[in-house]
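J.: Make a model of this:
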Amino acid sequence: MGSARLAARLLRGAGAVGLVGMLLAACGGDDDDTTAGGTVALNGGTVPAGRPAVDLTPTQQTAGRDVVMIGDSITMGSTPGLEAAADDMGVSLTVYAEVGRRITVGSTPEAGVEVMADVLDDGVPDLFVIALGTNDIGKYNSQEEYEAQINQLLALIPQTTPVAWINTYLTDDPDDSAQFNAALIAALGDRGNATIAKWSNIASEDGILDDGIHPGDDGRAQFTTMVSIEIENWLN
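T.: This is a model prediction of the structure:
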């Protein structure tokens with residue numbers, strides 16, 4: 001997709017966004033504001049017990065069960081399980097996942113913004129699940145720079161379309177991982193109509209990642225379960 005076409009999509013999708021004023025006060029500056037099973041009041045909603053996530057609702061429930069997921073190698077390795085889980089839920093899931101995918105940078109594979117623009121040119125799904133950021137960790141020097149990358153992708157998505165974003169964790173770079181995750185809270189807090197699933201809580205446990213980045217068998221199963229819970233919460 002050419003830069004002019006992408007710019008046009010950015011202008012169409014930017015729209016007005018509402019500030020979720022309570023977000024940062026309730027969540028703090030990082031992604032580890034709750035423990036598993038905890039509850040955080042956010043804009044009248046809560047993080048469901050036993051389902052650690054950052055809830056940035058209220059969300060506008062849309063009719064239909066059409067879900068698009070955009071990710072990198074972590075998503076790619078879990079795609080068979082994700083597709084099976086979606087089938088069990090009666091959800092139409094389309095996964096766009098490539099090794100090495102970044103949010104705004106790259107042509108091989110296409111960056112997330114390019115994939116998003118292509119998807120939206122064919123129509124708007126009922127829910128976007130985004131699992132990007134791992135390959136951007138360490139490429140920027142501040143939370144603000146990470147947030148700018150995230151916002152470029154969010155600007156493409158209609159405000160009325162809910163987003164579930166899976167956060168990040170690298171064993172060898174926990175500080176930059178936390179910085180990206182703080183940027184994710186800030187960016188999606190400004191947008192609202194979103195949740196953030198805490199892969200960082202799971203991936204940091206012993207035995208989940210094979211190489212400090214990619215989940216092993218148990219990790220893939222837990223990644224699949226976490227994404228499925230996000231979709232299930234949206235359906236319900």
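J.: hang on, isn't Ile185 packed against Lys198?
T.: No. Judged on C-beta atoms under 8 Å, Ile185 makes no contact with Lys198 at a distance of 10.6 Å. Where you see a C-beta, it was placed from the backbone N, CA and C, and this is true even at glycine.
J.: Return the list of helices and strands in contact with the helix or strand where Leu93 lies.
T.: Using DSSP states H and E, Leu93 maps to strand 92-97. Secondary-structure packing of strand 92-97 (3 or more C-beta pairs under 8 Å, 6 or more residues apart in numbering; DSSP states H and E): strand 66-71, helix 73-89.
J.: Report the inter-axis angle for the longest one versus strand 92-97.
T.: Spelled out, that is helix 73-89. Between helix 73-89 and strand 92-97, the angle comes out at 170 degrees (axes from the mean of the first three to the mean of the last three C-alpha atoms, to 10 degrees).
J.: packing partners for helix 73-89?
T.: When contacts are defined as 3+ C-beta pairs under 8 Å, 6+ apart, helix 73-89 sits against strand 66-71, strand 92-97, helix 217-235.
J.: in the chain, which spans are strands?
T.: Assigned by DSSP state E, the strands in the chain fall at 53-55, 66-71, 92-97, 127-131, 163-166, 194-197.
J.: Name the nearest residue to the residue nearest to the spatial centre of the chain, sequence neighbours excluded.
T.: Central residue of the chain (C-alpha atoms, centre = their mean): Trp165, 1.4 Å from the mean position. In this structure, Trp165 finds its nearest non-sequential neighbour in Ile130, 4.5 Å apart by C-beta to C-beta, 6 or more residues apart in numbering.
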